Every structure is written in structure tokens, then in C-alpha cells.
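# Pasting the sequence and the predicted model now:
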Amino acid sequence: MGNTVILLVEDNPDDEALMLRAFKKSNIQNEIVVARDGVEALDYLFGTGSYANRDLDYMPQLILLDLKLPKIDGLEVLEQLRGDQRTRHLPVVVLTSSREQEDLMAAYQNGANSYVRKPVDFVEFMQAVTQLGLYWLVLNEPPPARKG
Amino acid sequence: MVTYAPVLRIFRRYSKTASSTVILIGSGVIVGWLLDVAPLKSLLPGLAAMKFNTALCFVLSGLALGLFQGNESQSSRHIGGRTCAGVVAGIALLTLIEYGWNKNLGLDQLFARDNPSVTPHPGRMSLITAFNFALISMALLGFTQTSQRSYLIAQALTLIVLIIVILRLVGYIYNPQSLYKAGAFSTIAAHTAILFLLLGTAMLVHRAEYGLLVLLPSDSMGGVLVRRLLPAAFLAPLLVGWIEMMGENLGYYNAEFARTLSTLSTTVFFVLVIWWTGYQINRVHSTLQASEAHHHRLLESAPIAIVNIDSSGLIQFVNAKTSEMFGYSPQELIGQPVELLLPERFRQRHAHHRGAFFADPRTRPMGLTLDLAGRRQDGAEFPIEVGLSYSQTAGGLLGMSFINDVTERNQRDFELRESESRYRRLLETAPIGIVNIDEQGVIQLVNAKTSEMFGYSAGELIGQSVELLLPTALHTKHVHHRASFFADPRTRLMGMGLQLAGRRQDGSEFPIEVGLSYTHVGNQFRAMSFINDITQRKQAEAEIHKLNAELEQRVIERTARLEALNRELEAFGYSVSHDLRAPLRGIDGFSLALLEDYGDQLDAEAQGYLRRIRANAQRMAQLIDDLLKLSQLTRQPMRQEQVDLSALAHEVAMTLKSTDPQREAEFLIESNLTTFGDAHLLRIGLENLIGNAWKFSEKQPQSRIEFGCLEQSNGDKRTYFVRDNGAGFDMAYADKLFGAFQRLHSMNEYQGTGIGLATVQRIIQRHGGQIWAEGAVQQGATFYFTL
């Protein structure tokens, strides 16, 4: 069960709530860990700060990363986790409101596996989340975990 | 008559030598008498002794002549000479009286005693000798008078003496026996005769340039002939006579033959002399003729008119140039009054001048008369210049005038003055300073502008070194420049880089620009410099430079501001796309959550409100998206590539059709429309235009949408159009069509954010084109754009 965590990096509580609702509605039952800024996300991934005691053998199965974050923004988080041996191969889906070409390019440049724009229409939003879950959690073969 | 000086000198020398010889011989005889030495008395052995008185008279006559030969102004010598001559005259006259009255006055042996056995009157000179001395003494006294007449008389008397002695001498030559006939009182002894010959000739030639003998020393043809022929004329008959006599005496032939021989010889001699004389004269004559022809040609080919007039003003001679100048033939002029050649108004005055000239003829060179005019036969007048001279001829005094037609010269002078004045005006009104310097750098000429520019008067500059006009620091350099310019003078235009500084009289300096040229004055180079005060230009340049710098700075600042604005806009766009959408998502999401989770607790009206909330949220999201797209259009870099507009339109049409396959719609798309531009942007443009047409014609039973290109081209651009048969629009609002968020139709009628046409306009503008629309309500719309 430990390896079915989805790390949701999202500072907007509305979006967080809607995301969780969408997961629920799509019958995605993975444990969802929410990091509300870049620092928290990196703490979780590298077992630092408030996550100092976390067992780093267990890494999230999927990271949903917003770009616009307090403290450390999404692109830097992405850059750091891709720069670290332990998190290099984690699937990262950039989930953001931005449609800027630069953001898109920068995300892929930094090793994002996918880039999804959050639709305003919640119906569409839910479809997107459903498809994401289906793909990344069910269809995608993740890289081998360090343990096991 | 010109006297030939060398001949005259020979004569003088002869005269002195002869008179000295006479004195010497006479003195010898006197000594002989005083010492009673016989050979001295008779001079030659066998001859009779010369009387003491005779010898004394010879010595005194010789002395007199010798004294006269000296400087005429010395009166002491003249007095001495006259005294000597007077003594001679006294002795001669007393002797003649003794003969005439047959008395002995005691004169004969006054100084020396003669041998009484030899002559009837011992010591008395012969009658002829006394006569000769009388003539000689009078002639000597005559020579002391300086009048032409007294010379003539003196020479005539001398000639008589000479003829007498020559007659006697010839007698001696023909009959030598007579030499030794003693005591002939009526004859002259041979030595006496020879002394008379010497004395007489000496007297004759010592003033040869006057009186009878004037021809003898002359340089003329006559003088030459006389000098050549006279000795021959003396000697030849003498010789002929002597030969004739000798032959006859020796018995070679008789008297008859002798006479014939004499006549023939004389004839031959005269023929020869005449022949030679004729030949000489002929030679001289042809020389004279050639000379005259030469002078004639000189006159005729002279480039000036030459007119000779006599004292009454009648023309005697004209040369060819006169005829040419005045238009008369020489025949028409000769004998006419010279005033014929003058205009009427000058004639009286000229006759007066003429009279004055002949009264006091003098040579006057040309160019001293002013404003004289000549008159041609046809009446035309022309300006002339006249020189005057005169000549004394056999026919009387001739006035010679030399006439020059100065029409051309006056014209030339006029043109020269005109040109000079033009040049002067040009110089003085030139808006640049002009300075001429010579090779030493000395200013020769300046114009008014130079004075104005440098603050010196022209007088203060001319003669000064040109460096006066330059700052001291430039002097050495300028002297070098100057030297190299004169070494290789060439024209250098202004603005070819030579910029210097000028220095005013007050010491202030100002920037100048100098052009150079050169000219010749005589064989000297002059440098001409053209000086422009470029203070104002320099200031203007500095001003422009400053303005440019300011402008550049302003551009930099503005660019920076624009860049900052752009960045702000980007940040704004980013924040819009990210931050404005999140709340909308919340509104939509939670509205849906309400509907889904609590829908059973809400009545139909509440559910309707929630659906409206969701629709508005979504519409706002659409607006934001469109707005972002519009801003992205302006920020994206443009690409230039071949774009097939026809193909693009087809694709757009296909996409639209696929959204509503059931709809009755007709697309008329012109094929092969290509252009250069950004394919991505042009696709967006066509999507909007054709999309609009599709949208606004949806209520027509049969939509017709056209895309094409107008025939006429607008410059190098072509005009495309998209036409539909849809709702159209009111042309009153045509200018609002392309504003962002501008809509001409209600949301209920047609969907849309009002961004589409603004986007299209921006795309077309970015391609350098224009867009406009035509239409009418319910008549369809046509959108034109140029690419």
C-alpha cells in the first residue's frame, strides 16, 4: 500500500478540494499527500523538515505539481527532484492553470513527464483527472523502486 | 653731307707733317746761308741756291699754318700765326714793289749776303715766288676767318699757287735740262716749287671739310669717286705726256705719232674712268633701288596706315593699309586734303593743328591723342590713334602721320574692363573670403568678405604675410602647406578636408574651411584661397550631435520602459492565465458539487441559477483565454515562409463543416492563392474570419462562404476577401468591428467574446497589411485584407 501515494503539490485549497473530489469521483483510492508549497513538497520527497522521519524507501507513485507555488515554485521543485538520484525517475505531471508556452517548455525541459492544464469547467477537469489516474496509476509501468 | 672721319684724320696728319717739313727745310736753308754752307743753300747738288728771303717766308708760312692747326680758340696762337703771315705778306709785297718800280729797297740782302755774280738782283727771290708768297700769306690770313666765304677765297688763292707750281714742276719733269738753268728770275726753282706744293696742299686739306673741298672727305658716292679718281686724273695725263715726249725725244716715233698716241691714251683713260664710274654708280644705284623697294614694301606691308602730306595739307603718299582702312584707292587720295579722312566735326580743328605742326614740326609718338576718329569712304567712323613725324625733302617739308585703327583694341579694352568689373563684382559680392597670395605667402588681394570675416581692412592685409590670418600655433604648419602647394599647385575644392582656424584682428579664433586654386600673374604663381567661416555649421553640427545623443538616450530610455512594460504585461498575462482561472475553476467546481451532491434539496430555479453561475464562469474563462491568445500574437516572433492560403482555407472549412455536418453550407474557395508570411498566424486569422462567416450565416437556409482575391493589386500587395451571406452589419459601426471585446450582436443571437476580429487585425497588421469590412444588415459581410 505504501507505494500508492500520490503527492499533490497545490497551494490553492479550492483546487485541492476539487482535486480530491475528482479523485474520489473517479474512484482513485490512492493515499493523497498534499504539499502546500515547494518547500513542503521537497521536505516530503527528501525526508527533511516536518517529514524528517519519513521512510524514504517509499516514494509517491505520481507527483501532481502546480507551477505557481509559494516559497519555491514548481519548476524549481521539478529541477531539484530530477537532480536527485532518489527522485530522478518519479513520474511528474505538471498540473497548472498556465497556458504560457514558456511554462510548457520549461516544464518539459526540467523533465516533466506530462503537462496538463486545469480546465475551468469541472466536468472537463474531472475527465482530465480520471484519465490521468487511469494512465499514470494503472497503465503506466513505473521504474523499479529502490527497495523490492 | 656726312664727313668721313678717317679721311679727315689722314688729311690733318698730312697737313701737320707737310707744314713741319716746310719749316724744317726752310730752316735748313737759313742755317746754310748764315753759316755759308753751299749744299744746305741749294738742297740738292747742282741746283741754284734758295734765296734767304724765300726760305724765311717758307718757315714763317709753315709756322703760321702750324699755329692755325691747333685749337682755334687759342687766340695767342692765332696772333702768332697772323704775325707770321703778315711778315710773309710784307716781304712778298716789298719784293713785288722792287720788281715793279725796279728799285732796291735793301730787303734782298737784309739778312744774308748773296753772290752778286749769279743773278741781276742778288738775294732777291723771283717774281713768281714773291707773287706766290703774296697769295699764300693772304690765304693764311683768310683761314683765320671762320666764315664759309673766307675759306672759299683762301682755298681759291691756294689753288692758284698750286696751279702755278705744278705747271713749273711738270715743265721740269718734261724738260730736266731746265732744272739747271741758272738764275731765271721769272721762274721758280725746283726745290721752291716742291716746298710750295707741300705748303699749298697742306693748307688746302687742313680745313678740307669746309669750302671747295667739302666733297673730298665726304662719305657719299661723290666723295668716294673724287678720292679714287683725283690721283688718277693728276697722274695719268702726266704719265701719258711724259711717255709721249720721251719716245719722241729718243726718236722712237715722230711728233705726229706722238700726238696720236697721246690722244688715244687720253681717250682710253677717260673711257676707263667713265666706265668705272658708271659701274660704281650703277652698283650704288641698284643697291639704292633694292633699299628703296625694301622701304616701299615696309611701308606697304606696315600694319598701320601711313599718310604723307605737304605743308598745305594735301596728301602726297598713302600706303596700302590706308586704302584698306579708309576704303579709298590711293589715286582717290593723292592730292586731296588730308581732312577727307576725318569726320566733318574734326576737320576745322585738324586744319588748325596741321598749321601748328608745320610751323614747328616735331615727332610725336602714337597714343598721345585721344578720341580721334577716322572716316571711311562709306561715311562710317572708327576710332584711330595717330603718330606724327616729318621729313625734309626736295619737294619741301612733308608731314608723316601713322594711323592705327583702334576699334578692336577699344573693344578689347572695353571687354577687358567689363570682364575686370565683373570679376571685381563677383569677388566683392562673394559670400566667402577670397585671398590671393604670391609664392612668398604675401597677400596680394582680398575681397570684402575677407575684411568682414577677419576684421582687417583690405589695406591692412595687402602686403602682409598670410599667416597673419591664422592662429600662431598653425603658422609653421601653414608655411609648410603653402610651400607644398606651390611645389605642386592643384585645385582643391572646399570641404575636401582642409579645416583650419582663422584668427581675427581682435585675436579671437574661429573655424574655417579652405578651398584652394591657383592662377598666373605674369610668370608667377598665385595661390587663391576660398575661405568659409564655418562657425555656424560647426555649431549646428554640435547641436545635431547633441540632439542625436539625446535622441539616442531617449530611445534607450523609452526602449527600456517599453521592455519593462512588456515584462509587466507578460507577468500580467501569466498571472491572468494562472490566477484568474483558479477562482473560476472553484466557482464552477463547487457549483457543480452543489448540483451533484445537493441537487435533490434544490428546486428547479436554484439549480438554474447554479447552472448560470457555471456558464458565466466558463464564459469568463473563455474571455481570459482569448485575451491571452491576443497578447501572445503580438509577442511571438514572426516567421516568413511560403503559405498556401487556399489550402489553409480548405482545412478551416473542413473543420467547421465537421462540427455540423448537417448544415447546408457552400464554401467557394479560390485555388492557388499563396503568399509570404507566418503560417501559424495566418491560420488563426483565417480561422477567425471564416469562423465568423460560418457563425453569422448559420441562420441562412443555405450559407455561402467565399474566399478569394481581388483582381486589381494594391502596389505589391494583393487584396483578399472573405464574404458571407449572413447577418451582415450596419456600416455605421464598421469602425468598431475590430476593437477587442466589441460586439455588434447580442450573446443570445451569436456566441463570441469579441476578440476574434481584433486578433485578425493584429495578425494582418503584423504582416504589414490592412483590413476593412463592408456589409449591411441582413445583406452579408465582406472582410478585405491585404498581404
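Sure thing, it's come through.

# From now on I want contacts and neighbour counts done on CA atoms only, so please keep to that.
Will do.

# Can you say which helix or strand has residue 40 in it?
Just going to use chain A. helix A:38-46 (DSSP states H and E).

# Let me rephrase: I mean chain B.
Per DSSP H and E: B:Leu40 is located in helix B:38-42.

# swap in B:Phe525?
With DSSP H and E as criterion, B:Phe525 is part of strand B:524-533.

# Neighbouring strands of that strand in the sheet, and parallel or not?
strand B:433-437 (antiparallel), strand B:509-521 (antiparallel) (DSSP bridges).

# which helices and strands sit right next to the helix or strand just after it?
Note on strand B:524-533: by DSSP H and E, the next helix or strand toward the C-terminus is helix B:535-575. The contact analysis (3 or more Cα pairs under 8 Å, 6 or more residues apart in numbering or on different chains; DSSP states H and E) places helix B:535-575 against strand B:509-521.

# still on that earlier bit, could you dump the strands paired with strand B:524-533 to JSON lines with mean neighbour count and mean pLDDT?
As requested, these are exported to JSON lines (neighbours: other Cα atoms under 10 Å in any protein chain shown; pLDDT from 0 to 100):
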{"stretch": "strand B:433-437", "mean neighbour count": "23", "mean pLDDT": "91"}
{"stretch": "strand B:509-521", "mean neighbour count": "17", "mean pLDDT": "86"}
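
# who touches B:Asn308 in this structure?
Contacts of B:Asn308 were listed using Cα atoms under 8 Å, 6 or more residues apart in numbering or on different chains, and they are B:315-318, B:398-401.

# Distance from the chain centre to the longest helix along chain A, please.
Longest helix of chain A, by residue count under DSSP state H: helix A:13-25. Chain-centre distance of helix A:13-25: 14 Å, with Cα atoms, centre = their mean, to the nearest Å.

# What of stretch B:132-141?
With Cα atoms, centre = their mean as the basis, stretch B:132-141 stands 74 Å off its chain's centre.

# and if you look at stretch B:701-710?
89 Å.

# what's the answer for stretch B:453-468, then?
Worked out by Cα atoms, centre = their mean, stretch B:453-468 lies 27 Å from the chain centre.

# Using CSV, write down the CA coordinates of it.
Below are the C-alpha coordinates for stretch B:453-468, written out as CSV (Å, rounded to 0.1, in the frame of the first residue of the first chain):
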residue,chain,number,x,y,z
MET,B,453,35.4,87.9,-41.6
PHE,B,454,38.8,88.8,-40.1
GLY,B,455,38.2,92.4,-39.1
TYR,B,456,41.1,93.9,-41.1
SER,B,457,40.7,96.4,-43.8
ALA,B,458,42.0,95.4,-47.3
GLY,B,459,44.8,97.9,-46.9
GLU,B,460,45.9,96.4,-43.6
LEU,B,461,46.1,92.9,-45.2
ILE,B,462,47.7,93.5,-48.6
GLY,B,463,51.4,93.1,-48.4
GLN,B,464,51.2,91.2,-45.2
SER,B,465,52.1,87.5,-44.7
VAL,B,466,49.0,85.4,-45.0
GLU,B,467,49.8,83.8,-41.6
LEU,B,468,48.5,87.0,-40.1
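
# which other residues reach it?
B:433, B:437, B:441-448, B:451, B:469, B:475, B:478-479, B:502-506, B:533.

# In helices, which of those residues appear?
B:448, B:451, B:475, B:478-479.

# and the helix holding A:Glu40, what's its mean pLDDT?
Across helix A:38-46, the average pLDDT comes to 90.

# And the next helix or strand past that helix?
Using DSSP H and E, the next helix or strand after helix A:38-46 towards the C-terminus is strand A:62-65.

# Now do that next one: which elements does it pack against?
strand A:6-9, strand A:92-96.

# go again using 10 Å as the cut-off
strand A:6-9, strand A:32-35, helix A:38-46, helix A:74-82, strand A:92-96, strand A:114-117 (3 or more Cα pairs under 10 Å, 6 or more residues apart in numbering or on different chains; DSSP states H and E).

# quick revisit: just the buried members of the contacts of stretch B:453-468?
With burial judged by 16 or more other Cα atoms under 10 Å in any protein chain shown, the buried subset of the contacts of stretch B:453-468 is B:433, B:437, B:441-448, B:451, B:469, B:478, B:502-504, B:533.

# Just the pLDDT at A:Ile32, thanks.
The per-residue pLDDT reported for A:Ile32 equals 90.

# Specify the beta-bridge partners of the closest residue to it other than its chain neighbours.
Distance criterion Cα to Cα, 6 or more residues apart in numbering or on different chains; nearest residue to A:Ile32, sequence neighbours excluded, is A:Ile6 at 4.8 Å. Per DSSP bridges, the residues bridged to A:Ile6 are A:Ile32, A:Leu62.

# Return the residues in contact with A:Ile6.
Neighbour list for A:Ile6: A:29-34, A:59-64, A:133, A:137 [criterion: Cα atoms under 10 Å, 6 or more residues apart in numbering or on different chains].

# Compare those and tell me which has the most neighbours.
A:Ile63 (26 neighbours; other Cα atoms under 10 Å in any protein chain shown).

# Show me the strands in the stretch 551-700 of chain B, by range?
Assigned strands in the stretch 551-700 of chain B, in chain order: B:641-644, B:665-669, B:674-677 (criterion: DSSP state E, counting those that start in this stretch).

# Of those, which is nearest B:Leu199?
B:Leu199 lies closest to strand B:674-677 among the strands of the stretch 551-700 of chain B, at 141.8 Å (Cα to Cα).

# Quickly run through the sheet partners of the closest one, with directions.
Strand B:674-677 has these strand partners (DSSP bridges): strand B:641-644 (antiparallel).

# and chain B, which of its residues are near chain A?
B:570, B:573-593, B:614-615, B:617-622, B:625, B:628-629, B:632 (Cα under 10 Å from any Cα of the partner chain).

# From those, which land in helices?
Per DSSP H, the subset of these in helices is B:570, B:573-575, B:581-593, B:614-615, B:617-622, B:625, B:628-629, B:632.

# Any of these buried? List them.
B:570, B:573-574, B:581-592, B:614, B:617-622, B:625, B:628-629.

# about what we covered before: from the middle of its chain, how far away would the following helix or strand past the helix holding B:Leu40 be?
As assigned by DSSP H and E, the chain's next helix or strand after helix B:38-42 is helix B:52-69. Helix B:52-69 sits 74 Å away from the centroid of its parent chain (Cα atoms, centre = their mean).

# Tabulate the strands of the stretch 551-700 of chain B in JSON lines, adding columns for mean neighbour count and mean pLDDT.
Conversion of these to JSON lines gives the following (neighbours: other Cα under 10 Å; pLDDT from 0 to 100):
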{"stretch": "strand B:641-644", "mean neighbour count": "14", "mean pLDDT": "90"}
{"stretch": "strand B:665-669", "mean neighbour count": "17", "mean pLDDT": "90"}
{"stretch": "strand B:674-677", "mean neighbour count": "16", "mean pLDDT": "89"}
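
# can I get those in JSON lines with distance to B:Val240?
Below are the strands of the stretch 551-700 of chain B laid out as JSON lines (distance: least, Cα to Cα, whole Å):
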{"stretch": "strand B:641-644", "distance to B:Val240": "144"}
{"stretch": "strand B:665-669", "distance to B:Val240": "155"}
{"stretch": "strand B:674-677", "distance to B:Val240": "142"}
